[in-house]
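Engineer: A structural model of the following input is requested.
(one chain, ligands or ions: 2)
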Amino acid sequence: MMTYLGKIGELTLKGSNIHTFEKLLLKNTKEYLKDTGAKVSLNAGRLYIDCEEKDSEQVEFTLRHLIGITGWAQTKTSEKTIEDIQKTVLETAKEAVQKGAKSFKIEAKRGDKKFPLNSYEIACQGASLVYDSGLMEVNVHNPDVIIYVEVRERCFIYSVAEKSCRGLPVGCSNKGLLLLSGGLDSPVAGYRMMRRGMKIECCYFHSYPYTSIEAQQKVEELARTLSAYGIQTYLNIIPFTDVQMKIKEKAPEEWSTLMLRVCMMKAANMLGFRVHADCIVTGESLGQVASQTLENMNVTEHFAEYPLLRPLVGMDKEEIMADAHFIGTYDTSILPYEDCCVLFSPRHPILRGRIEDAEKIFASLEADELIKTAFENRQIKKFVCGKEVILKEEV
Ligand code: ATP
Ligand code: MG
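Structural biologist: Ligands and ions are numbered 1, 2, ... in the order given. Next comes the predicted model:
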């Protein structure tokens, strides 16, 4: 048997409704582990998973992706006696020495107040076999390794704590429709909203053959990766070539990118209604490109019938890239298949579009029917916990 422990973060700040959040965290954890025999429980700010070795890979995948915990570790367990704690601390110390640690300290927590020693005494006495063995020296200020001892309904002893995604469990805050392109930004935007507890459904506009099949496959891969955090997500793939051609034909060249965003918003409104979304999410960041000046973002927002959330609006590229590395979308996002064709990109895009002009230009396109047709011809893919689930064709 192996035991893992996850530390619960922000949830502990919740008041009397904490149980609702805890229940959701448990439900989400079980969803990842439904094909395993792992046992999941939650107690006093800790998530515990007991599993057989064959399921450990899936358990670690879960703990790396589960939103709502601040950190996790594989942990040893011991009897609730100081002698057994000392032995288990020694075992943990030996493993740390093998990995190169030369100094240590113990951080002890007594969750079970009936245990006869207090936290300080557990820390001092728990280390005694390690002192005697001369394996490592104590360094309370800057140790190579911290050995944690937690005395709760069982004793947990572990050393390396991995970082997790933090945030609130997915499913506690509404549903967002994420406009997902193949770039770096929008997957991170989706992840950021998932961390606020939001369920995410994705939407990608493609202009085949002007954008390639590879560009679409890249977005599918991004949606799959996002589903590892969001438990479940759908990707709606909307064929937008005819709409793009219409924009090229009728809109002033400098407006073409902004008009494309407007038409995307119009389609997103339809999809949002169909999938019961509560808001639309994009990866825009103020000033990053011409279409993301405040004026142009206002134009796009004007056409949205849902609150438009832009979680990256105040982030710089380095912060966004750090997130992309952390969630594992970076390598896919930088693949060279563009989600928009140079044929449709204006040489001098408008920088400060006005809403009145946008309305007139959009009306002149007479694109409502085309947008509706594109929406109706969408293709849908489903991803659960990092895997694609093949949907049956509707008949
Ligand atoms: P990203 O890195 O997410 O592609 P970007 O910096 O390239 O963003 P834009 O291309 O201006 O910025 O797009 C702004 C936002 O509009 C994107 O973050 C995304 O939410 C949405 N978007 C752009 N193109 C598409 C598309 N083809 N399909 C779906 N959404 C898109
Ligand atoms: Mg882009």
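
Engineer: and the residue in the chain that ligand 2 sits nearest to, how far is that from ligand 1?
Structural biologist: With Cβ to the ion, the shortest gap between the chain and ligand 2 falls at residue 183, namely 3.5 Å. For glycine as for every other residue, the C-beta is placed from the backbone atoms N, C-alpha and C. Separation of residue 183 from ligand 1 (Cβ to the nearest ligand atom, to the nearest Å): 2 Å.

Engineer: contacting residues around whichever residue of the stretch 201-350 of the chain sits closest to ligand 1?
Structural biologist: When scored by Cβ to the nearest ligand atom, the stretch 201-350 of the chain has residue 283 as its residue closest to ligand 1, at 2.7 Å. Each residue near residue 283 by Cβ atoms under 8 Å, 6 or more residues apart in numbering is listed here: 179, 181, 183-189, 310, 312.

Engineer: Can you tell me which of these is nearest ligand 1?
Structural biologist: residue 183 (2.1 Å).

Engineer: My guess is that closest one contacts residue 335. True?
Structural biologist: No. Residue 183 is not in contact with residue 335 according to Cβ atoms under 8 Å; the separation is 10.5 Å.

Engineer: The two: which has the busier surroundings?
Structural biologist: Using other Cβ atoms under 10 Å as the criterion, residue 183 and residue 335 rank with residue 183 on top: 20 against 13.

Engineer: got a list of what the closest residue to that one other than its chain neighbours touches?
Structural biologist: Sequence neighbours aside, residue 333 is the residue nearest to residue 183 in space, at 5.9 Å (criterion: Cβ to Cβ, 6 or more residues apart in numbering). Contact partners of residue 333, counting by Cβ under 8 Å, 6+ apart, are 182-184, 187, 218, 222, 324.

Engineer: what does stretch 100-114 rub up against?
Structural biologist: 44, 80, 89, 93, 96, 117-120, 122-123, 126-127, 130, 136-140, 142-153.

Engineer: For the host helix or strand of residue 85, buried residues please.
Structural biologist: In the assignment (DSSP states H and E), residue 85 maps to helix 82-98. Within helix 82-98, the residues that count as buried by 16 or more other Cβ atoms under 10 Å are 82, 85-90, 92-93, 96-97.

Engineer: what pairs with the closest residue in space to residue 379 that isn't next to it in sequence across the strands?
Structural biologist: Leaving aside its chain neighbours, residue 379 sits nearest to residue 237 (4.4 Å; criterion: Cβ to Cβ, 6+ apart). Beta-bridge pairing for residue 237 (DSSP bridges): residue 204, residue 379.

Engineer: Am I right that residue 258 is in a helix?
Structural biologist: Yes. Judged by DSSP: H, G, I helix; E, B strand; the rest coil, residue 258 forms part of a helix.

Engineer: and it, how many neighbours does it have?
Structural biologist: Other residues near residue 258 come to 27 when the count uses other Cβ under 10 Å.

Engineer: pLDDT (mean, whole number) over stretch 107-120?
Structural biologist: The average pLDDT for stretch 107-120 rounds to 95.

Engineer: Distance from the chain centre to it, please.
Structural biologist: 35 Å (Cα atoms, centre = their mean, to the nearest Å).

Engineer: quick one: terminal-to-terminal distance for that stretch?
Structural biologist: 9 Å (Cα to Cα, to the nearest Å).

Engineer: related to what we said a few turns ago, which ones among the contacts of stretch 100-114 are found in helices?
Structural biologist: Counting by DSSP state H, those place 89, 93, 96, 119-120, 122-123, 126, 130 in helices.

Engineer: And the furthest pair within those?
Structural biologist: 96 and 120 (21.8 Å; Cβ to Cβ).

Engineer: what's the weakest-modelled helix or strand in this protein?
Structural biologist: The weakest-scoring helix or strand in the chain, judged by mean pLDDT, DSSP states H and E, is strand 162-163 (a mean of 87).

Engineer: for that one, packing partners?
Structural biologist: strand 69-78 (3 or more Cβ pairs under 8 Å, 6 or more residues apart in numbering; DSSP states H and E).

Engineer: Could you pull up the mean pLDDT of the strand it packs on?
Structural biologist: 96.

Engineer: Quick one: list the elements packing against that strand.
Structural biologist: By 3+ Cβ pairs under 8 Å, 6+ apart, strand 69-78 packs against strand 2-8, helix 56-65, helix 82-98, strand 155-158, strand 162-163.

Engineer: now this structure, which segments are flagged as low pLDDT?
Structural biologist: 339-342, 393-395 (pLDDT under 70).

Engineer: Try it again at 50.
Structural biologist: For the chain, the stretches flagged by pLDDT under 50 are 395.

Engineer: all strands for the stretch 201-350 of the chain, in order.
Structural biologist: For the stretch 201-350 of the chain, applying DSSP state E, counting those that start in this stretch gives strands covering 232-239, 279-281, 308-309.

Engineer: Could you pull out the buried residues of stretch 135-142?
Structural biologist: Buried, per 16+ other Cβ under 10 Å, within stretch 135-142: 135-136.

Engineer: Can you pull out the residues in contact with it?
Structural biologist: So stretch 135-142 is in contact with 90, 93-94, 96-97, 101-105, 127, 130-131, 144-145, going by Cβ under 8 Å, 6+ apart.

Engineer: got the CA positions of it in CSV?
Structural biologist: Below are the C-alpha coordinates for stretch 135-142, written out as CSV (Å, rounded to 0.1, in the frame of the first residue of the first chain):
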residue,chain,number,x,y,z
LEU,A,135,23.8,10.7,9.1
MET,A,136,23.0,14.4,8.8
GLU,A,137,23.4,17.5,10.9
VAL,A,138,20.6,19.7,12.0
ASN,A,139,20.2,23.1,10.4
VAL,A,140,17.1,24.9,11.4
HIS,A,141,17.6,28.0,9.2
ASN,A,142,18.7,26.5,5.9
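
Engineer: next one: it to chain centre, how far?
Structural biologist: Put simply, stretch 135-142 sits 36 Å off its chain's centre (Cα atoms, centre = their mean).

Engineer: OK, contacts around residue 284?
Structural biologist: Here residue 284 is in contact with 185, 291-292, 297, 300, 310, 312-313 (criterion: Cβ under 8 Å, 6+ apart).

Engineer: and the closest residue in space to residue 41 that isn't next to it in sequence, backbone torsions?
Structural biologist: The spatially closest residue to residue 41, leaving aside those adjacent along the chain, is residue 48, at 5.0 Å (Cβ to Cβ, 6+ apart). Main-chain torsions, residue 48, degrees, to the nearest 10: phi -120, psi 140.

Engineer: That'll do, ta.
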